[in-house]
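# With the sequence up front, the predicted model follows.
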Amino acid sequence: MTSPPAEVQVPAGAAGERLDRFVASVVGSRAAAERAIEAGVLVDGLPRPKSYRLAGGESLRLPDTYHPRTVTEPPAPPTIVWQDEHLAVVDKPAGLVVHTGAGHAGDTLVDALGGIVAGGDPERPGIVHRLDRDTSGLLVVAKSEEAHARLSGLVRGRGLTRAYRALVRGRPASRSGRIEAAIGRDRADPTRISLDTDTPREAVTQFELERLFAADALLRVRLETGRMHQIRVHLAAIDLPVVGDPVYGVSEPALGRQFLHAGSLAFEHPFTGERLELESPLPADLERFLATIQPT
């Protein structure tokens with residue numbers, strides 16, 4: 001299929017049409033339109049919600065996800081820590097994108113899993129939640145359409161417990177806390193997520209202190225919601241930026257990636273009802289970095 005153009009002029013005849021419906025006519029489907037708008041469709045240079053009514057004559061800019069991509073060889077399969085005929089839990093390494101998009105095709109987690117995943121969107125089969133490229137850790141994927149539907153229901157009902165370990169610059173004001181602040185595409189920079197947004201979505205993050213260092217703190221962080229970049233944005237908002245995060249946190253050349261690891265995943269199996277509680281230890285690169293920083 002030919003990729004849609006990077007920029008589209010809205011015809012006068014589309015006046016009054018919802019943004020998502022018009023974008024669907026450009027990218028080929030409602031699902032693809034939803035992803036495009038979430039990734040940052042710009043209307044005359046500004047991000048707009050999917051319900052935005054077009055006036056006709058505007059210029060639409062599509063995100064890079066919908067521009068031509070270079071297809072590469074699939075990466076090595078990640079470690080599967082648990083699986084049955086319905087689903088699998090994988091331990092994703094840092095640097096691996098979860099699914100096709102934003103310039104990636106053939107080099108994603110979905111490609112690495114070699115066709116065992118299924119259900120949902122054909123461009124991201126089996127995927128019900130995501131991890132950022134440079135976040136490592138546990139991710140559950142579906143192996144069938146029915147498994148995808150049931151796992152998606154668990155995610156919507158907040159039945160998927162996800163806990164992370166994050167190294168932040170600074171000291172928390174208390175040993176534990178709860179951050180409740182809606183986030184969305186930043187008003188000034190649609191490539192970023194922030195609290196300063198025209199499209200706010202509920203976001204709740206809990207944290208507790210695990211260990212203090214001279215200038216940093218190691219936190220255990222639990223998601224109540226799962227918005228894009230939520231942990232990184234929320235921690236930055238309370239002046240505890242993630243170490244190694246060049247976008248929202250503080251750069252750390254010696255680390256080479258953000259210090260964020262999805263180390264715990266728990267849920268009731270959507271077919272058997274069995275309670276699954278899975279753990280992933282800190283990867284070697286994060287352990288090595290901790291050993292280099294000064295204790296309190």
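It's in. All values reported here derive from a predicted model rather than from experimental measurement. Residues are numbered from 1 along each chain as shown.

# tell me which element the nearest residue in space to residue 289 that is not next to it in sequence falls in.
Take residue 289 and drop its neighbours on the chain: the residue closest to it by CB to CB, 6 or more residues apart in numbering is residue 255, 5.1 Å away. Bear in mind the C-beta positions are built from the backbone N, C-alpha and C, glycine included. Assigned by DSSP states H and E, residue 255 falls within no helix or strand.

# right, and residue 255 touches residue 290 too?
No: with contact taken as CB atoms under 8 Å, residue 255 and residue 290 are classed as non-touching, separated by 10.0 Å.

# Could you pull out the helices in the stretch 151-296 of the chain for me?
For the stretch 151-296 of the chain, applying DSSP state H, counting those that start in this stretch gives helices covering 230-237, 284-292.

# Domains in the chain, by residue range?
Following automatic domain parsing, one gets these domains for the chain: 7-66, 79-157, 163-262+287-292.

# quick one, which of those is nearest to residue 274?
Closest of the domains of the chain to residue 274 is domain 79-157, at 9.5 Å (criterion: CB to CB).

# Let's test this: mean pLDDT of that closest one, rounded?
Per-residue pLDDT values across domain 79-157 average out to 89.

# give me the low-pLDDT residue ranges for this protein?
Residues of the chain meeting the criterion pLDDT under 70: 1-5, 28-29, 64-74, 100-106.

# Could you count how many residues lie near the residue nearest to residue 289?
Using other CB atoms under 10 Å, the number of residues around residue 255 comes to 18.

# Relative to residue 174, how far out is it?
26 Å (CB to CB, to the nearest Å).

# same thing with residue 287?
The gap separating residue 287 from residue 174 is 27 Å, by CB to CB.

# How about residue 188?
When CB to CB is applied, the distance between residue 188 and residue 174 equals 31 Å.

# before we move on, back to that, how about the domains of the chain in CSV, adding distance to residue 279?
As requested, those are arranged in CSV below (distance: least, CB to CB, whole Å):
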stretch, distance to residue 279
domain 7-66, 30
domain 79-157, 8
domain 163-262+287-292, 9
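
# For stretch 23-34, list every residue counted as buried.
23, 24, 26, 27, 32, 33, 34 (16 or more other CB atoms under 10 Å).

# Next: stretch 196-207.
For stretch 196-207, the buried set under the neighbour-count rule, 16+ other CB under 10 Å, comprises 197, 199, 203, 204, 205, 206, 207.

# what's the answer for stretch 272-289, then?
Going by neighbour count (16+ other CB under 10 Å), the buried part of stretch 272-289 is 280, 282, 283, 286, 289.

# C-alpha coordinates for that stretch, PDB please?
Only the C-alpha atoms of stretch 272-289 are listed here, as PDB (Å, rounded to 0.1, in the frame of the first residue of the first chain):
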ATOM      1  CA  THR A 272      -8.200 -19.600  33.600                       C
ATOM      2  CA  GLY A 273      -8.500 -17.100  36.400                       C
ATOM      3  CA  GLU A 274      -5.000 -18.000  37.700                       C
ATOM      4  CA  ARG A 275      -3.200 -15.100  39.300                       C
ATOM      5  CA  LEU A 276       0.100 -14.500  37.500                       C
ATOM      6  CA  GLU A 277       2.800 -12.500  39.300                       C
ATOM      7  CA  LEU A 278       5.900 -12.100  37.300                       C
ATOM      8  CA  GLU A 279       9.200 -10.400  38.000                       C
ATOM      9  CA  SER A 280      12.200  -9.100  36.000                       C
ATOM     10  CA  PRO A 281      15.400  -8.100  37.700                       C
ATOM     11  CA  LEU A 282      17.200  -4.900  36.800                       C
ATOM     12  CA  PRO A 283      19.200  -5.400  33.600                       C
ATOM     13  CA  ALA A 284      23.000  -5.500  33.800                       C
ATOM     14  CA  ASP A 285      23.500  -2.000  32.400                       C
ATOM     15  CA  LEU A 286      21.300  -0.500  35.100                       C
ATOM     16  CA  GLU A 287      22.900  -2.500  37.800                       C
ATOM     17  CA  ARG A 288      26.400  -1.400  36.600                       C
ATOM     18  CA  PHE A 289      25.300   2.200  36.600                       C
END
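
# between the buried residues of stretch 272-289, which is closest to residue 140?
Distances from residue 140 to the buried residues of stretch 272-289, taken by CB to CB, are shortest for residue 280, at 12.3 Å.

# Go ahead and confirm the closest one touches residue 135.
No: counting by CB under 8 Å, residue 135 is not a contact partner of residue 280; they are 11.6 Å apart.

# what about residue 122, how many residues close to it?
When neighbours are counted by other CB under 10 Å, residue 122 registers 10.

# still on that earlier bit, and the domains of the chain: which comes nearest residue 272?
Evaluated with CB to CB, the domains of the chain place domain 79-157 nearest to residue 272, the distance being 8.3 Å.
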